[in-house]
Structures are given as C-alpha cells and as structure tokens.
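> Next comes the sequence, and after it the predicted model I'd like to discuss.
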Amino acid sequence: MRTVHVLLCSESGELVGGGELSLLDLVTALVPSRFAPVVVCPGPGALVERLRAGGIPVEILPFPPWRSLRAIGVLRTLARLAALVKARRISLLHVNATGRVALCAGLVGRWRRVPVIWHVRVKEPEGWKDRLLARLATRIVVNSGAVAMRFTGSARAKVTLIHNGIDLRRFTPGPPSEELRRGLGLPAGVPVVGSVGRFVAYKGYAYLLEAARLVRQKIPEARWILVGDGELRGELEAQCRRLGLDGAVTFAGWRERVGDYLALFDLFVLPSLGEHFGRVLLEAMAMGKAVVATDAGGVPEIVRHGETGLLVPPADPEAMAAAVVSLLQDRALASRLGAAGRRRVESEFSLGRHVEAVEAVYASLLDAIGDRL
Ligand code: UDP
C-alpha cells in the first residue's frame, strides 16, 4: 500500500476558531501509513506552530485577497502552489477555507489534475463565489446539515456531510481543579454556569448576560464563567456592569486548556444566534455536562432536546434563564442529560469516526481517478 500525499490549505495560520482546531485534529489523526499531510497556511501563527510541534510539515504561502485579485499576484500564488503540488507529489488537495484560498487551490487542482475537496464550515451562502468554487471542487464536505443548505442544484450533488469529531481523551468527565476554582474566586458549593466561545455578534453573548440577570433573581449565588475572547469583550464587560452582574460573571480570557474550565461547570450554555456547527457543544457534552443551547443552525444536530440538554429559541433571555434555572434546581436531571451527552459524543462525534469518514472521501476520489490506495 502506498502513502498518499495530501495538501491541506488553511484559511489562516492562526487558531482563529473551531475550523482551524478541527483541521489540526484531522491532520494529526490521519492514518500515517496511508496519508502524508502537508499544510499550506497564508501566514504564520499558533496553528502553524502547533502543526510543526506535531511533526506536520507546513508551508507558508501568501494568498492575494479577493479585492486585490491583481493578475500578477494571483499568478505568482498559483505558480507557487502548483510547484508545491508537483514537488511534494500531491494526489489530493483538501481546502479548509473559503474565498481566495479555495479559489487558488481549485484552479491549481484543475491545472495539475488533482481532485479538490472543498471543506466548508460556514453556513452563509456567498452567491457567485459559491457557484465558482463549487464548480472547481471535486467534492464539497460540510460539517453540518445547516451548512449543507448553503448549496443547491448541481453543487448540492457534490456535498458530503461529515460532522466534526473531538478527541475524547482530551475531554473526559472528571473532578475540577480546586486550584483553578480558587483562582477564579468560586466559593465551594456555588452553582457554576459556563460558556466557551468567541465574543462576536452571532454568538449571542449579550442575550446570555440578560439571561444571567434573570437567573440571579431566582438563584442569587449562581456564578458564570465565560471562556474566550473577541471583538465584543469590552462591550460585554460594560453590559455586565450595567446589569449589576460584576460579581456574578467572570471573563476568563482565551484559554488553551478548555477542558479544565468545562470541568468546573455545573451547566454549559451556548447562546448562538446561528451556529455553523458548535465544537464547544461536543466538548461540553464529552465532559458529561448538560447543555442549554439555542435552537439555531447546526445546534439541534448535536444537542437533543430533553435527552442531552435543553434547546431554547435564539435571542430569548427569558427562555434561556428558565432552562438554566430548571437544570440548576434539578441536579438529577442535569446529570442524566450530561451522561447521555457523553454517550452521544462517544457514539456519533468521536475524532476516530470523523477521520474515517474523511479518509473514505479521500479513497473514493482516488478510486474515481483510478488511483487505488
Ligand atoms: N476555544 C479555545 N479557547 C477559548 C475559546 C474557545 O480553545 O478560550 C476553542 C473551543 O474549545 C472550540 C473552538 O475554540 O474547540 C470553537 O469552536 P466552535 O465550533 O464552537 O466555534 P467557532 O469559533 O468555530 O465558531
């Protein structure tokens, strides 16, 4: 059996969010005897460092932005990418990006006659760009049914749904660290509600804070820990002060070891207005946490209402607060939902299952061009 060289293109060299973390998990877990990945990133950053630390070869190649698609810049990028495909004996291009990176990879795929997988993780359609990129792609992989809706007509026929998976060894139920608890100033026994994510508008954190205010009226001792960062952090902190939530909400900043924080939570809340997928839900469920999440985008594909958590309408702080209060007041129900969540992630969303599904797409594309594994 020969080793297949796969070139994966990333949108960013930084760890921007779940898309880059999913790419990192995938390349690290590809069966090394069958697949040899090389990753191309448009610039340096934490993703590049993590890949290199894991022994994955990385090439930095700047991609011209859509707006300045000047012929000379594009041709230079295309030539460098095509040279890489040749030099590294690449058999498959796997594009973990949209826009310019996907465009350049798609064109090079055509030029070098290498199949192109376009891995799409965002549900908002982009009109003519989607139609163009879909034509250039041999297969489109989406990470949720919500993202699949982005494609219609002939593009839809190319779509394969592969949900993300997570490494269950990194997210395992266990006792929280007392040191971390003390560091966050959490008194023993207080109920802790938490969330993890980027503080950008569509994640809906302003509604979570409204819900925290309502929960406080019923359970004054409840504490909230928000892990993550983003452009709205300052605004959210100001909102907390306005709502008198200063002592009740802690912004923990962006953390690499998210599992340590999840272990502290009695309940996990995701207030998204429209989630593409929501890796954080898998992580919280894998840690055995009951989840309160909005019924938006890909969320209901992960969270089963009444089975692994409670779904509430997006942008509805009253409903969110009622769900949080009900689970904080019924710990037996919360732990049943949490245990069911862990089982669901084990059976449906393991990294092993995800990688097998991606490898099956690789095999089918190679098979189609008569290049058997
Ligand atoms: N994350 C992290 N540290 C933080 C906040 C988030 O490592 O402080 C990770 C989180 O554990 C998850 C990812 O970022 O794996 C977010 O992925 P998700 O699909 O939930 O959202 P996205 O940011 O991709 O929209």
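Noted; the coordinates are in hand.
> What ranges does the stretch 1-150 of the chain have for its strands?
4-10, 35-41, 58-60, 90-96, 116-120, 139-142 (DSSP state E, counting those that start in this stretch).
> Show me what the worst-scoring helix or strand of the chain on mean pLDDT is packed against.
Every helix and strand in the chain was compared by mean pLDDT, DSSP states H and E; the lowest is helix 71-87, with a mean of 90. Under the contact criterion of 3 or more Cβ pairs under 8 Å, 6 or more residues apart in numbering; DSSP states H and E, helix 71-87 touches strand 35-41, helix 99-112. C-beta: built from backbone N, CA, C; applies to glycine.
> Please name the residues that touch Thr308.
Residues near Thr308 by Cβ atoms under 8 Å, 6 or more residues apart in numbering: 285, 290-291, 337-338, 340-341, 344.
> and these as CSV, adding pLDDT?
Below are the contacts of Thr308 laid out as CSV (pLDDT from 0 to 100):
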residue, pLDDT
Met285, 98
Ala290, 98
Val291, 98
Leu337, 98
Gly338, 98
Ala340, 98
Gly341, 98
Arg344, 98
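> Tell me how many other residues surround the nearest residue to Asp167 once chain neighbours are set aside.
Nearest non-adjacent residue to Asp167, counting by Cβ to Cβ, 6 or more residues apart in numbering: Leu351, 4.8 Å away. Neighbour count for Leu351, taken as other Cβ atoms under 10 Å: 20.
> Correct me if wrong: Leu351 contacts Gly165.
Yes - under the criterion of Cβ atoms under 8 Å, Leu351 makes contact with Gly165 at 4.2 Å.
> Overlap in contacts, the two.
Common neighbours of Leu351 and Gly165 (Cβ under 8 Å, 6+ apart) are Asp25.
> which bits of the stretch 51-200 of the chain sit near the ligand?
Residues of the stretch 51-200 of the chain lying near the ligand by Cβ under 6 Å from any ligand atom: 196-198.
> about what we covered before: please produce TSV containing the helices and strands packed on helix 71-87, extended by mean neighbour count.
Below are the helices and strands packed on helix 71-87 laid out as TSV (neighbours: other Cβ atoms under 10 Å):
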stretch	mean neighbour count
strand 35-41	22
helix 99-112	21
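> Among those, show the one with the smallest mean pLDDT.
Least confidently modelled of the helices and strands packed on helix 71-87 is helix 99-112, at a mean of 94 by mean pLDDT.
> which regions of the chain sit below the pLDDT cut-off?
In the predicted model of the chain, residues 66-70, 372-373 satisfy pLDDT under 70.
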